[in-house]
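Engineer: Next come a sequence and a model predicted from it.
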Amino acid sequence: MQQNPYRRMLLVFLAWMLLPLTGLAQQVPSELVVYPNLIVHNAKIVTMDDYDINTNLGSTFQAVAVRDKRIFKLGTNQEILRLAGPDTVRIDAKGRTVIPGVINVHTHIHDGAMNKWVDANPNTTAVKVFRVPGKDRVEIRRNLEVLMKERMGNIKPGQWSFFYLPNPAFGTGGGEGYDFLRQEDMTAQQIDEITGLEKPVLLAAHPAYIINTAAMNQLEKIYGGKTEDYPEGWTEAGFADLGVEYRREVVVDGYFGDKTDQLKEILHGGLLENSAAGITTFSSHIMGIQNLDAYMRLFRENRLPIRFAFTHYTGFVMNRDAEGFYRRMGDLFQLGNEYMWFQAIGLGMIDHGPPLFCSTMIDLESLAEEGKKEDYYEWCRYSKETKNYKTIVTALSNGSRVVAGHNYGDLSADHYMDAIEEAMEKSPEITLDYIRSLRLSMDHGGLYPRPDQLPRIKKLGMFLGMGSAALSRSLPWIQKYGFEKYQGWVMPTKRALEAGIKVAWEGEGGVGNGLFSLMTPFITRRNKQGLIIAADQAVDRNTVLKMATVWGSEYLMKEDELGSLEPGKFADLLVLNQDYFSVPVEEIDHIYPLLTVMGGEIRYLRDEYAQELGMDPVGYQLRYSWER
């Protein structure tokens, strides 16, 4: 067959034209060639790039290349390894599973770090902790008086003394210590008579607290509030409905008021520990004004090992004009950068933890007969007649994003949604579409949503945060008010998803038992007491991982940058010790990361995996409870 001469001439011409380009490519300076800084290969990379409410996980790849903090390319081992340059770090996963970094939408890393510091420094001038034994209220009173008289002699003026009374396990509330405080078996005046007027004392049996006159004066000194008229929960007995905030804040804002650098390092240690557990992004309200200063120093020093979406309710704490505070504050939503940004105004606790929650399941007539009806209303802290409710309306009307960072009962969820709808009525700019665009949220799912609340939540375009602790904390109260009737109100994950409402995962229980141990109860519905609550609300493991990754990013309104492994998104990923998707359910608790990457940088490399790779360990070398 004779070759076409014109075709031959064309090929020669094209080759002649391309010669300069070939030479130019050979002359490109090496400084202009940007290779991936990290490649993870020989892996099962589950991208979680399916955002819908289903069990699909999205695409799976063998290898991923990271460049300039972000995912550059995913593909086969051959496709990705050919992109490596002379300085590219290569991580051989050796068949292990890789998933996006975990997003924990509700946890208090700073509180956990501070609690560890207080326990490790019992003689600090910040606070002295006492544990009060006693099988009944009479014995608690006797032991409490003995401790106060015999152990407080060396307490310095201004140093706080925390007395923790007996409290049931698992945060269920109630019990002898709680009853002791709620029945005012010891008042603030009686504490003053024993300890004097210079030593702040807090008695605690969560969620009940009593503080003495010295403590009230100290709070006024720190925050400038007036104890005689604010907050509304003060009584002559010294009972403070914001006791949990004070317990968390007084050490931070009192002792560390002039020790911000020391506080900064304490928080940094807590962040490193959680990074080792697999968290790459978390959200939390900030309790303690000084905590924000410490975080900002880490922010400016570029030392945050985890991304932090923070909320605050500073305007609600020791502030007589919360409404004015948030009217002046304006809209700061997402102000910050990829490491730390303002997420929302947090409402703190719309109600409290059990048994002081705001719920329609409580029989008010029975409470009235027991003389406890007023106690109940005391804990519906955002009902329509309160200043807090008016503040929500004002903040939303002013264009701010306002989320319910702690909501336990179904009636308090109604109050929050009432405020949202009132803001829509008050301001023509706050339309339904605008409210939906904010993706407002409520956390915990302790005893809500009721089935009839789901259409309203869906209409408002809300997200829900849910944590497995509710399965344990709610048990005594659904047993009291009707187990069969109310068990389906506890963390109703499946029902919410079926209604088209996305649920994000929250893990508030610390990381000592492993992060995945806080996910397993969504699959089994088994609580810490060993009982199964509302088995029909169980979801599968794929759904739980969506809650902890891609839906968590949507909850934070950061789905364009976080939550899945896609080109252009931040390279936040974990290499797991076992395959989350195939191990028996009972082994999920013992899954943990061998490697945590955040923004393309290795934040944690477990020592045995480092040895396997011929590298040095990186980060805090976390050991779990079953390993100790």
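Structural biologist: Cool, the structure landed. Numbers count the residues shown, from 1 in each chain.
Engineer: what about the helices in the stretch 301-450 of the chain?
Structural biologist: 322-329, 364-369, 373-378, 387-397, 410-426, 432-438 (DSSP state H, counting those that start in this stretch).
Engineer: Save the ones you listed as JSON lines, and put in mean neighbour count too.
Structural biologist: For glycine as for every other residue, the C-beta is placed from the backbone atoms N, C-alpha and C. Below are these laid out as JSON lines (neighbours: other CB atoms under 10 Å):
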{"stretch": "helix 322-329", "mean neighbour count": "17"}
{"stretch": "helix 364-369", "mean neighbour count": "11"}
{"stretch": "helix 373-378", "mean neighbour count": "15"}
{"stretch": "helix 387-397", "mean neighbour count": "22"}
{"stretch": "helix 410-426", "mean neighbour count": "21"}
{"stretch": "helix 432-438", "mean neighbour count": "15"}
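Engineer: Identify whichever of these lies nearest to residue 444.
Structural biologist: Within the helices of the stretch 301-450 of the chain, the stretch nearest residue 444 is helix 410-426; the backing value is 10.1 Å (CB to CB).
Engineer: now the closest one against helix 387-397, angle please.
Structural biologist: 40 degrees (axes from the mean of the first three to the mean of the last three CA atoms, to 10 degrees).
Engineer: for the record, mean pLDDT for helix 410-426?
Structural biologist: Helix 410-426 shows a mean pLDDT of 95.
Engineer: Among the helices of the stretch 301-450 of the chain, which comes closest to residue 143?
Structural biologist: Closest to residue 143 of the helices of the stretch 301-450 of the chain is helix 373-378 (CB to CB; 25.5 Å).
Engineer: want to throw the helices of the stretch 301-450 of the chain into CSV with distance to residue 561?
Structural biologist: Formatted as CSV, those follow (distance: least, CB to CB, whole Å):
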stretch, distance to residue 561
helix 322-329, 25
helix 364-369, 47
helix 373-378, 42
helix 387-397, 26
helix 410-426, 27
helix 432-438, 18
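Engineer: Show me the one of those that comes nearest residue 474.
Structural biologist: Using CB to CB as the criterion, the shortest distance between residue 474 and the helices of the stretch 301-450 of the chain is 11.5 Å, found for helix 410-426.
Engineer: who's in contact with the helix or strand harbouring residue 458?
Structural biologist: Using DSSP states H and E, residue 458 sits in helix 454-459. Contact partners of helix 454-459, identified using CB atoms under 8 Å, 6 or more residues apart in numbering, comprise 417, 432, 449, 464, 495, 496, 499, 500, 501.
Engineer: Next: stretch 483-497.
Structural biologist: Outside stretch 483-497, the residues touching it (CB under 8 Å, 6+ apart) are 53, 361, 410, 445-451, 454, 457, 464, 466-468, 470-471, 474, 478, 503, 522, 533-534, 536-539, 543, 547.
Engineer: same deal with stretch 64-71?
Structural biologist: Residues contacting stretch 64-71 (CB under 8 Å, 6+ apart): 34-41, 43, 45, 72-74, 80, 83-84, 98, 565-571, 573, 597, 599-601.
Engineer: which of the residues you listed count as buried?
Structural biologist: Buried members of the contacts of stretch 64-71, counted by 16 or more other CB atoms under 10 Å: 36-41, 43, 45, 72-74, 80, 83-84, 98, 565-566, 569-571, 573, 597, 599-600.
Engineer: how's the chain carved up into domains?
Structural biologist: 35-101+605-627, 109-257, 321-562 (automatic domain parsing).
Engineer: CA atoms only for stretch 400-416, dumped as CSV, please.
Structural biologist: C-alpha atoms of stretch 400-416 as CSV (Å, rounded to 0.1, in the frame of the first residue of the first chain):
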residue,chain,number,x,y,z
SER,A,400,-26.6,36.7,63.3
ARG,A,401,-26.4,32.9,63.1
VAL,A,402,-27.7,31.5,66.4
VAL,A,403,-27.4,27.7,67.2
ALA,A,404,-28.6,25.6,70.1
GLY,A,405,-25.3,24.2,71.4
HIS,A,406,-27.0,22.3,74.2
ASN,A,407,-30.6,21.2,74.0
TYR,A,408,-31.8,18.2,75.9
GLY,A,409,-35.6,18.2,76.0
ASP,A,410,-38.3,18.4,73.3
LEU,A,411,-40.1,21.5,74.7
SER,A,412,-36.9,23.6,74.7
ALA,A,413,-36.5,22.6,71.1
ASP,A,414,-40.0,24.1,70.5
HIS,A,415,-38.9,27.3,72.3
TYR,A,416,-35.9,27.7,70.0
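Engineer: chain center to that stretch: distance?
Structural biologist: For stretch 400-416, the distance from its own C-alpha centre to the chain's C-alpha centre is 16 Å (CA atoms, centre = their mean, to the nearest Å).
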